[in-house]
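J.: model this:
(chains A and B)
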Amino acid sequence: MSISLQHPTTDSCVNEIDKLISAQTETPKWLRDIQRDNTNRFAEQSFPTRKTEHWKYNDLSSLRTKSFLPASQQSIDSQDFDSLLLPLNDAIRCVFINGIYSEALSSTELSSAVKVTRFVNANERQADSINQSLKHAQQDRNLFINLNSAISNDGLLIEIEKNIKVEQPIYLVHLSNSTVSDQIATNQVIIQAGSSSQSQVIEHFVSLKNDKENKSFLTSQQTLIELTSNSHLAHHRVSVGTQNNQSIARVLCRLAENANLSSFYYSEGGVLDKTDIDIMHQGVNSESNLTGIYLPSEDNCVDFHTCIEHQVPHCNSRETFRGIIADSAKATFNGKIHIFRDAQKSDAQLNNKNLLLTNSAEINTKPELEIYADDVVCAHGATIAKIDEKAIYYLKTRGINEMQAKKMLSIGFINELLLEVKNETLKEFLTALVQKSLSNLR
Amino acid sequence: MLSINNLQAKVEDKDILKGLSLEVKPGEIHAIMGPNGSGKSTLGYVLSGREGYEVTGGTATLNGEEILDLDADERAKKGLFLAFQYPVEIPGVSNMEFLKASVDAVRDYQGKEALDTVSFMKLAREKCQAVNLDPNFLKRGVNEGFSGGEKKRNEIMQMMLLEPSLCILDETDSGLDIDALQVVANGVNACRDEKRSFIIVTHYQRLLDFIVPDKVHVLSDGKIIKSGGKELALELEEKGYSWIAKA
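T.: As a prediction, this is how the structure comes out:
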């Protein structure tokens, strides 16, 4: 049973997925229904090409010629594993290897305020709630997300108790171990923050094998975040050392009234590294602050498609993405603000700045506004530049040589955004990482 | 100290300096005045090594060494300092980090050991106080959101930290109120000694009430057309520049 993406619409492809679902004998019925539903949605779509707006800057042709087997969980050496982790010793840790939850490597008992449940073990109430979340998420058509939910016969539900501040960060480790070619790893996580709760989530994408040849390992991941009224969540999503992966991911956040989301993204890119981020302000007076950094080099690609929806009045959103593109890397940023007709008094701002370090580096940036209300404050902007010659000259007149000046300016460009990282351990880790990756500038 | 001989330079195919000669001895303060567009700022840029300012003729030596072929950072290490008319804002790079990198680079060139962070902090705080700048400015981005006066005082502070042998002040007094002007002048006077020289580019005579120059030069159309003592500045203030150009 392997899934070919060449003709998603054909019966044979649907049959393959169907066979796969039937073979997953332990799946509860309600989850199987979701899988079948997504299989049908998957089958209704055609494979995106360069002419599909959403995929315009991604070359997916190599995926098209492949057939994929669902990835299996690999056993890994615990020393290798430990060296990849952030030093978050007191964290509530959930580990996925090739998308599959690893009970053995996870430790979830640290706080009674956070309940971690595998989809397959969900009780009736939880199953209902998962069902609703996934139904909501599958509404907009995305071939790969539908495929993800079609293949995945599990997932992780993380429930945060109401009226509590969770001191320990919730640490999700997404580890890929791509020793076998032509596999697809799928994963879905749902995070539900109880009303008036306060918590921190760190999603860490990391790769065990740096096997440059194996470029036909595809990961598909989605995280659904639901913030109920007055809840505060600091969400971080960091991919490091995943340069040889192809990853298609999606994050969807829904905010109820007075909820507050602070979200931070960091990526060094990969063979393909595409993340769609949807933030939906569904309750009045909710606030979101979205920050992103991308530093692709060599011939890596990174792609962020973001959409901030203001569905109701009196919401605030801030979005800042910055990238430094080196060598012949390619980055795409598409940021959309969508203000619904009734969403008066919305305040939305979006900004994207890029530094191109070489003539062969590529950036495609497109900020978009779609406004149907008339009493709103919205601003958007995008810039693409090289390092400011005047600033280099200024530093040089103070005895600092050109290389060091460029390095200082590049790090400075990114440093401002690192201040938005709410977790101190992660901030330190990323600050060092940025220093390191920008220190080989030419 | 500094010896400029028949210096010619152009920017984007436009000749700006057209044979400028100037001799500055150790410990001297020279004021350069002149109408807009006469090439005053260009002189600072050419001497400090800004890209795009092409030297087409002449020589300039600092302490006997030809400097026009050197990179800007090399010139700085050899003791040339330019206080900018419009200091650049660099968000994300803290003033402290910038100053430390700068002092480290210069000390390294001079074969001195790098200062440890604590000693450097102490030194930087001292210099801040000397120019009446709140030490909290050290934590902020370089010149980021500084007022005009704060930027100029930051320039003077850098000068005090780096202890250069030749300081060029490019209209450091422009836009300053009398109080800030005095702070800047005090900074310069504190750095004054028998070895260190200054070139002070200015529009206004009033700065020269606080920093008394040894010589005053009038720059016009890329050349020095008149030189004199400090009384020349007063005369210029009174009569403008046109009488010299006619004469």
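
J.: of all of chain A, which residue lies closest to chain B?
T.: When scored by Cβ to the nearest Cβ, chain A has A:Gly412 as its residue closest to chain B, at 3.1 Å. Just so you know, the C-beta spots here come from the backbone N, C-alpha and C atoms, and that holds for glycine as well.

J.: quick one: that residue and B:Glu144 touch, right?
T.: No - using Cβ atoms under 8 Å, A:Gly412 is not in contact with B:Glu144, being 9.9 Å away.

J.: which neighbours do the two share?
T.: Among the neighbours of A:Gly412, those also in contact with B:Glu144 (Cβ atoms under 8 Å, 6 or more residues apart in numbering or on different chains) are B:Ile90, B:Pro91.

J.: residues touching residue 102, list them.
T.: Reading this off chain A. Per Cβ under 8 Å, 6+ apart, neighbours of A:Ser102: A:Gln73, A:Val95, A:Phe96.

J.: oops, wrong one, chain B.
T.: B:Ser102 sits in contact with A:Leu395, A:Arg398, A:Gly399, A:Ile400, B:Gln158, B:Leu161, B:Leu162, where contact means Cβ under 8 Å, 6+ apart.

J.: give me the number of neighbouring residues for the fifth one.
T.: Yep, that's B:Gln158 we're talking about. 24 (other Cβ atoms under 10 Å in any protein chain shown).

J.: ok, and for the helix or strand harbouring it, which residues are buried?
T.: When elements are assigned from DSSP states H and E, B:Gln158 belongs to helix B:148-162. For helix B:148-162, burial by neighbour count (16 or more other Cβ atoms under 10 Å in any protein chain shown) applies to B:149-162.

J.: A:Pro313 touches A:Gln344, doesn't it?
T.: Yes - using Cβ under 8 Å as the test, A:Pro313 is close enough to A:Gln344 to be in contact (4.6 Å).

J.: between these two, which one's more packed in?
T.: A:Pro313 (18 against 15).

J.: tell me the secondary structure at the more buried one.
T.: Under DSSP: H, G, I helix; E, B strand; the rest coil, A:Pro313 falls in the coil class.

J.: contact partners for A:Asp11?
T.: So A:Asp11 contacts nothing (Cβ under 8 Å, 6+ apart).

J.: could you do the one 10 residues further on as well?
T.: Under the criterion of Cβ under 8 Å, 6+ apart, the contact partners of A:Ile21 comprise A:Thr27, A:Arg32, A:Gln35, A:Arg36, A:Thr39, A:Ala150, A:Asn153.

J.: in TSV, list those along with distance to chain B and neighbour count.
T.: TSV is the format used below for the contacts of A:Ile21 (distance: Cβ to the nearest Cβ, whole Å; neighbours: other Cβ atoms under 10 Å in any protein chain shown):
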residue	distance to chain B	neighbour count
A:Thr27	50	19
A:Arg32	51	14
A:Gln35	47	20
A:Arg36	51	15
A:Thr39	48	24
A:Ala150	44	26
A:Asn153	46	21
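
J.: report the two of the residues you listed separated the most.
T.: A:Thr27 and A:Thr39 (13.0 Å; Cβ to Cβ).

J.: give the rounded mean pLDDT of stretch A:396-416.
T.: Averaged across stretch A:396-416, pLDDT comes to 92.

J.: and the residue of chain B closest to chain A?
T.: B:Gly92 (3.1 Å).

J.: point out where chain B drops to low pLDDT.
T.: B:245-247 (pLDDT under 70).

J.: swap in 80 and give it another go.
T.: Confidence mapping of chain B against pLDDT under 80 gives the ranges B:243-247.

J.: do a quick rundown of the helices in it.
T.: B:40-48, B:72-77, B:95-109, B:117-130, B:148-162, B:178-191, B:207-210, B:231-239, B:242-246 (DSSP state H).

J.: just list what the first one packs against, helices and strands only.
T.: Put plainly, it is helix B:40-48. Applying 3 or more Cβ pairs under 8 Å, 6 or more residues apart in numbering or on different chains; DSSP states H and E, we find helix B:40-48 packed against strand B:2-11, strand B:14-24, strand B:29-33, strand B:53-62, helix B:72-77, strand B:80-83, strand B:166-170, strand B:197-201.

J.: near the nearest residue to B:Ile225 once chain neighbours are set aside, how many other residues are there?
T.: Spatially, and ignoring its direct neighbours in sequence, B:Ile225 is nearest to B:Val218 (5.5 Å; Cβ to Cβ, 6 or more residues apart in numbering or on different chains). Using other Cβ under 10 Å, B:Val218 has 23 other residues around it.

J.: list the contacts of B:Val218.
T.: B:Ile32, B:Met33, B:Gly34, B:Ile224, B:Ile225, B:Lys226, B:Ser227, B:Leu232, B:Leu236, B:Tyr241, B:Ile244.

J.: now a ChimeraX select for only the buried ones of those.
T.: A single ChimeraX command selects the buried members of the contacts of B:Val218 (16+ other Cβ under 10 Å):
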select /B:32,33,34,224,225,226,232,236,241,244
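
J.: from the contacts of B:Val218, pick the one nearest A:Asp327.
T.: B:Ile32 (45.8 Å).
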